[in-house]
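J.: Predicted model and sequence below, questions to follow.
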Amino acid sequence: MQLLSIETKEELVCIADLVNSIDGVGLPGEYFTSGSDYQIANNFTWCSSNYTSIGQNIAWISGEPSMTDFFGVEEDCVSVNLSLGQPKKNALRDVDCSAKKKYICEVPVPTTTKPPCLPYTCEKNQSLLDSDDYINPNASIDGALRISCGKMYYYSNLATTWQAAASACCQLNMRLVVFETVDQRNCFNKIFSIPGYGSNLNSIHLWVGFSDQYQEGVFTWCTSSRNIKITTNSLFFAGGQPDNAGNNENCGMILANTGAALNDGNCMANLRFACEGYVPDCTPICPSTCAKDSEPVIGRGFLWNLDNS
């Protein structure tokens, strides 16, 4: 294996998905990566990769790289800070290479097995996204956006096949909804209970991200990078489901008016769908100074002199 390199936003999101998953308990923290400027000062590269310059798709924490620590010791190695919630683009700092820290290694995983889903195209539509790959507030999208438990959900107005739905989510830099834990399902279900916000969305069938396309009866959350399996006796399924009606139901859906209960459906049926993604950072930016204006101002019909207030 080799030390972690993060060359693309997709790699950063993949790591964030792991940290936020049921398998990510205890993983948030600071880790050594392969980044370094050991050869040329202030020229940081991913040493385990193709010596790609750092900062194109993941950037430095404010004030970093600082080049030296508080005691003047050179900082030629790079660490990444992983936290719960949406992936933070500004996550890198330079550190003393002799410091003792945890580290992340990586290696490609070879596989000869068929994917658990029907194949689908997964490409972002940049005309719908902002510079950080979140949905652009000015973009015209045909559906409803809702927020619950730190995730953003998109409910389509369009009815389409499962494959087309999975591709449509990718265009928004999202994925078909996945329930890896009961808490994730409860967060999604909570939206349905809010009058005027999500109660009307409970009355429609929705495609979500699981399938048993290539191994009958073995259902997998296949739009997740981790391919978590769902047992057929899981409490997530509606009563009597999955039933593979007509021997032709291999794609995952939520049944209407059931509180997010799962069902298997015909992948070629036209249904609306639900996508999920991270919520953009909406932290307010406060002014660095707060100086009074000596000029009189009008406030609620009165003339105020701020110097005498």
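T.: Done, it's in.
J.: show me where the stretch 151-300 of the chain has helices.
T.: 162-171, 182-192 (DSSP state H, counting those that start in this stretch).
J.: By mean pLDDT, flag the weakest helix or strand of this protein.
T.: strand 302-304 (a mean of 44; mean pLDDT, DSSP states H and E).
J.: and residue 160, how many neighbours?
T.: 17 (other C-beta atoms under 10 Å). C-beta coordinates here come from the backbone N, C-alpha and C atoms, glycine included.
J.: Bridged to it, which residues?
T.: Assessed by DSSP bridges, residue 160 has beta-bridge partners residue 271.
J.: looking at it, it is touching residue 270, isn't it?
T.: Yes: if you go by C-beta atoms under 8 Å, residue 160 and residue 270 touch, sitting 5.7 Å apart.
J.: ranking the helices of the stretch 151-300 of the chain by mean pLDDT, which is last?
T.: Among the helices of the stretch 151-300 of the chain, helix 182-192 carries the lowest mean pLDDT, at a mean of 88.
J.: Give me the buried positions along that helix.
T.: Across helix 182-192, burial judged by 16 or more other C-beta atoms under 10 Å covers 184-185, 187-189, 191-192.
J.: which one of the residues you listed sits closest to residue 4?
T.: residue 184 (25.9 Å; C-beta to C-beta).
J.: Now do the phi/psi pair for the closest residue to that closest one other than its chain neighbours.
T.: In this structure, residue 184 finds its nearest non-sequential neighbour in residue 178, 7.3 Å apart by C-beta to C-beta, 6 or more residues apart in numbering. The phi/psi pair for residue 178 (degrees, to the nearest 10) reads phi -130, psi 130.
J.: ditto for residue 16
T.: The phi and psi values for residue 16, taken as degrees, to the nearest 10, are phi -60, psi -40.
J.: how close does the closest residue to it other than its chain neighbours sit to residue 251?
T.: In this structure, residue 16 finds its nearest non-sequential neighbour in residue 87, 3.6 Å apart by C-beta to C-beta, 6+ apart. Using C-beta to C-beta, to the nearest Å, residue 87 is found at 28 Å from residue 251.
J.: before we move on, the earlier item: got the helices of the stretch 151-300 of the chain as TSV, with distance to residue 23 columns?
T.: Formatted as TSV, the helices of the stretch 151-300 of the chain follow (distance: least, C-beta to C-beta, whole Å):
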stretch	distance to residue 23
helix 162-171	22
helix 182-192	13
